[in-house]
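**Student:** task: produce atomic coordinates for the following.
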Amino acid sequence: MTEKNKNYWQSYFDKKAKEEDNIYKRVGFVSEKNTELVRNTVRSYVGKPVGKKIMDAGCGDGMVLSHLAQDNEIDGYDFSKNMLKLAAEQGLNPIYSDLTNPDLPFENYDIAISVEAVTLLPDPIQTLIKIAQSVKPNGVAVFSVLNKFSIIRGIASLIYKYALKKTLPQKVSYFELKACMAKEGFSLESATFVYWLPGIYLNSSASRFTTLKLLFANNIIFKFRKNENQ
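**Tutor:** The predicted model follows:
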C-alpha cells in the first residue's frame with residue numbers, strides 16, 4: 001500500500017467511524033442483506049468457541065466477532081484508530097496495524113479471520129498467508145474475499161477504471177488462494193460463494209463446484225484448517 005493510498009483509506013474509515021451510524025455502511029458494505037450474508041457465513045465457520053485466542057485482521061468496528069468477546073480473547077488489528085476505538089467498545093483488544101507488513105506472532109492464535117480488509121492492499125494473498133501463519137496447528141483461518149472471476153465485479157472494474165477513473169479494491173483467485181494455503185500446510189474445509197444483485201441475495205456451498213457458480217459469485221468465504229504436523 002502506498003503512503004498516499006494508506007492516508008486516503010485511514011482518513012476514509014476514521015471519518016466513517018465518527019460519522020456513520022449505520023453499521024453496514026460504516027465498514028464499506030453495499031447493503032444490509034449482503035453484509036448479513038457475509039458475516040453470518042463467517043460466524044458459522046468460526047463457530048461458538050470458548051476460551052480461545054482469536055485474531056480479527058482488519059477488524060473495523062469489531063462487530064463481526066463481538067458476540068464472542070465475553071468468552072474468548074480477541075485481538076483486533078486495524079489501521080483506523082477511530083475504528084479501533086469502536087472495536088474496543090465491543091470487547092476486542094485493539095492493535096494498530098496496516099497489515100502491509102504485519103509483525104504477527106507465529107502460531108499464536110486458535111482462530112484467525114479477515115473479512116475483505118486485505119482487498120485494500122496491493123497483494124492480498126500474501127497478506128492472507130501472513131495472517132494464516134499466526135494460526136496454531138489444527139487452528140482455523142476464515143477469509144472473506146472479493147471474487148476475481150466475478151463477471152459483475154469485472155464489469156464494475158472496467159466502468160470504474162475507464163469511465164470514473166477510479167480503482168476498485170483487489171480481487172482474489174479461488175484457485176490461487178487455495179494452492180498458496182496448501183503450501184503453507186492448510187486444508188480447505190469449506191467454501192461458500194456469495195451472490196448479490198438488487199433484490200437478490202443468496203449463498204451457495206462450493207462443495208459442488210461449477211464454473212457458473214464461480215463466474216456469478218461476488219464474494220467467496222473460505223474456511224481453512226492448519227494441519228497438525230505443521
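**Student:** ok, then the element right after the biggest helix by length in the chain?
**Tutor:** Longest helix in the chain by number of residues (criterion: DSSP state H): helix 3-19. With elements assigned by DSSP states H and E, the helix or strand that comes after helix 3-19 is helix 32-46.
**Student:** please read off the pLDDT at the residue sitting furthest away from the middle of the chain from the model.
**Tutor:** Going by C-alpha atoms, centre = their mean, the residue of the chain most distant from its centre is residue 163, 28.0 Å out. Looking at residue 163, its pLDDT is 73.
**Student:** now residue 138
**Tutor:** Reported pLDDT for residue 138: 96.
**Student:** for it, give me its contacts.
**Tutor:** Taking C-beta atoms under 8 Å, 6 or more residues apart in numbering as the criterion, residue 138 is in contact with 225, 226, 227, 228. Glycine gets a C-beta too; all of them are placed from N, C-alpha and C.
**Student:** which among these gets closest to residue 97?
**Tutor:** For these, the minimum distance to residue 97 (C-beta to C-beta) is 21.3 Å, reached by residue 226.
**Student:** and that closest one, how many neighbours?
**Tutor:** By other C-beta atoms under 10 Å, 22 other residues sit near residue 226.
**Student:** who does residue 56 form a beta bridge with?
**Tutor:** For residue 56, the beta-bridge partners are residue 76, residue 113 (DSSP bridges).
**Student:** following the lowest-mean-pLDDT helix or strand in the chain, which helix or strand shows up next?
**Tutor:** Ranking every helix and strand in the chain by mean pLDDT, DSSP states H and E puts strand 200-205 at the bottom, with a mean of 73. Later in the chain than strand 200-205, the nearest helix or strand by DSSP H and E is helix 211-216.
**Student:** what packs against that next one?
**Tutor:** The elements that helix 211-216 packs onto, with contact taken as 3 or more C-beta pairs under 8 Å, 6 or more residues apart in numbering; DSSP states H and E, are helix 151-158, strand 186-197.
**Student:** pull the residues that contact the last one.
**Tutor:** Judged by C-beta under 8 Å, 6+ apart, the contacts made with strand 186-197 from elsewhere in the structure are 30-31, 33-34, 37-38, 41, 45, 132, 140-141, 147, 152, 174, 178, 181-182, 201-207, 213-214, 216-227.
**Student:** what comes up buried for that strand?
**Tutor:** For strand 186-197, burial by neighbour count (16 or more other C-beta atoms under 10 Å) applies to 186, 190, 191, 192, 193, 194, 195, 196.
**Student:** so what are the sheet partners of it and their directions?
**Tutor:** Next to strand 186-197 in the sheet, as set by DSSP bridges, lie strand 200-205 (antiparallel), strand 219-226 (antiparallel).
**Student:** what is the mean pLDDT for it?
**Tutor:** In this model, strand 186-197 has an average pLDDT of 90.
**Student:** what number of residues lie near residue 124?
**Tutor:** With other C-beta under 10 Å as criterion, residue 124 counts 24.
**Student:** next one: residue 207
**Tutor:** Other residues within reach of residue 207, judged by other C-beta under 10 Å, total 8.
**Student:** for it, what are phi and psi?
**Tutor:** phi -60, psi -30 (degrees, to the nearest 10).
**Student:** I'm done for today, thanks for sticking with me.
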